[in-house]
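# What follows is a predicted structure for the sequence shown.
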Amino acid sequence: MHAVVAREPGGPEVLSYTELPDPTPGPGQLLVRVAAAGVNFIDTYRRAGVYPMEYPHVVGVEGAGTVEALGDDVTGFAVGDRVAWHDGPGSYAELVAVDAAGVVPVPDGLDLTVAAALPLQGITAHYLVRSTFEVRPGHDVLLTAGAGGVGLLATQLAVAAGGRVLTTVSTPEKAALSSAAGAAHTIDYAAMDDITAGLPALVRELTDGRGVHVVYDGVGKSTFEASLASLRPRGMLVLFGGASGQVPPFDPQRLNKAGSLFLTRPTIAHYALTRAELEWRTSEVLGSAASGDLDVRVGATFSLSDAGAAHEALEGRATTGKVLLVP
């Protein structure tokens, strides 16, 4: 099979499209032929060495495809099943061995390419809006990177829950996409001389001076200060990513002075702790996509051999929606 390997920590140039032996499913695993693999910031963090990894390693954790073989002790799946996963190391490949415990069925009528765009970002959007800070009618919400994969999905889920969503975007095209997803206001931070001062001022203007109940911030370093300053008293900053870099350490007494604020740094592993929780989140997200209630935007598709270009596009903030690799 062909796969994409990170030879050493570094930029997209360390990715190599190479031929490897076909994997064999171990006990409790499925061998899946990959229809499409999701490209995510966690892949870039592992490629770059931000998250410790062994090198060389096959990149990628997310995808969808068709079961080709079962390992020992696997129940509930059969050869030919259409499945998706969010935590299958080695997913930038034509074949991947995935733990069956983290694999979910793809509903009939949902294209496998669309299904590949949903597990990681769909579960993330679901836990943000339904669990980390549960959006309810009357809540004002600020979402950074509103035209990104998580942003577009979380906007739709928050609006469906009764929230009023404000988003940050960087281009008119992204503003249009965010508005189409249900954002009440889109804020072009690229036009601001100083986002740290300008964003909170505009957010308070749009909320009658109060600020928002929650900020979902996946950008990190460049938006963190503005996000904190956009909250009303007892508001929550949910820092779920670091597209612009990791946030430096800071004094927690600042949360007290700013209005008894809450700050959390969630991760998907802690919001899909059990099989039942994983099935709840994925059945709602994949089911909504299959029914047409949730619009899933695949913003860019690259061939597996062009994984380096896909990483460059993602890290350069040149993408909208989901980025996929297709073998």
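That came through fine.
# Next one, pLDDT for the spatially closest residue to Val59 that is not a sequence neighbour please.
Spatially, and ignoring its direct neighbours in sequence, Val59 is nearest to Tyr92 (4.6 Å; Cβ to Cβ, 6 or more residues apart in numbering). In short, each C-beta sits where N, CA and C put it, glycine included. Confidence at Tyr92, expressed as pLDDT, is 98.
# just Thr207 next, same as before
The confidence metric pLDDT takes the value 98 at Thr207.
# just to revisit the earlier point, ok, the residue nearest to Val59 touching Glu62?
No: in this structure, Tyr92 is not within contact of Glu62 by Cβ atoms under 8 Å, at 9.8 Å.
# Overlap of the contact sets of those two?
Common neighbours of Tyr92 and Glu62, using Cβ atoms under 8 Å, 6 or more residues apart in numbering, are Ala37.
# Compute the first-to-last residue distance for stretch 318-327.
Separation of the first and last residues of stretch 318-327 by Cα to Cα, to the nearest Å is 22 Å.
# Report the buried residues of it.
Neighbour counts using 16 or more other Cβ atoms under 10 Å place 319-325, 327 of stretch 318-327 among the buried residues.
# how about the nearest residue to Asp261, chain neighbours excluded?
For the record, residue 261 is Leu, not Asp. Leu261's closest residue in space is Leu255 (Cβ to Cβ, 6+ apart), at 4.4 Å.
# So for the strand or helix carrying that neighbour, what gets flagged as buried?
Assessed by DSSP states H and E, Leu255 sits inside helix 253-257. For helix 253-257, a neighbour-count test (16+ other Cβ under 10 Å) marks Leu255 as buried.
# which intervals of the protein have sub-threshold pLDDT?
For the chain, no stretch has pLDDT under 70.
# Roughly how far does the residue nearest to the spatial centre of it sit from His86?
Centroid-nearest residue in the chain: Gln121, 3.2 Å away (criterion: Cα atoms, centre = their mean). Applying Cβ to Cβ, to the nearest Å, the value for Gln121 to His86 is 9 Å.
# And Ser179, by the same measure?
Separation of Ser179 from His86 (Cβ to Cβ) stands at 28 Å.
# Compare those two (neighbour count), which wins?
Set side by side, Ser179 and His86 show more neighbours around His86, with 26 against 17, by other Cβ atoms under 10 Å.
# Could you find the closest non-adjacent residue to that one?
Pro119 (3.6 Å).
# now Arg317
Ser170 (6.7 Å).
# got the residue ranges for the helices in the stretch 151-300 of the chain?
For the stretch 151-300 of the chain, the helices defined by DSSP state H, counting those that start in this stretch cover 172-181, 195-206, 224-229, 253-257, 275-291.
# Give me the contact list for the shortest one.
Going back to what we said before, that points to helix 253-257. With Cβ under 8 Å, 6+ apart as the test, helix 253-257 has contacts from 228, 261-263.
# What about those residues, which one has the most neighbours?
Among the contacts of helix 253-257, Leu228 has the most neighbours (other Cβ under 10 Å), with 22 neighbours.
# give me every residue that touches that residue.
Applying Cβ under 8 Å, 6+ apart, we find Leu228 in contact with 215, 237, 254, 258, 261, 263.
# Tabulate those (TSV), appending distance to Asp140.
TSV is the format used below for the contacts of Leu228 (distance: Cβ to Cβ, whole Å):
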residue	distance to Asp140
Val215	10
Leu237	14
Arg254	22
Ala258	17
Leu261	15
Leu263	18
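# Kind regards, and thank you for your time.
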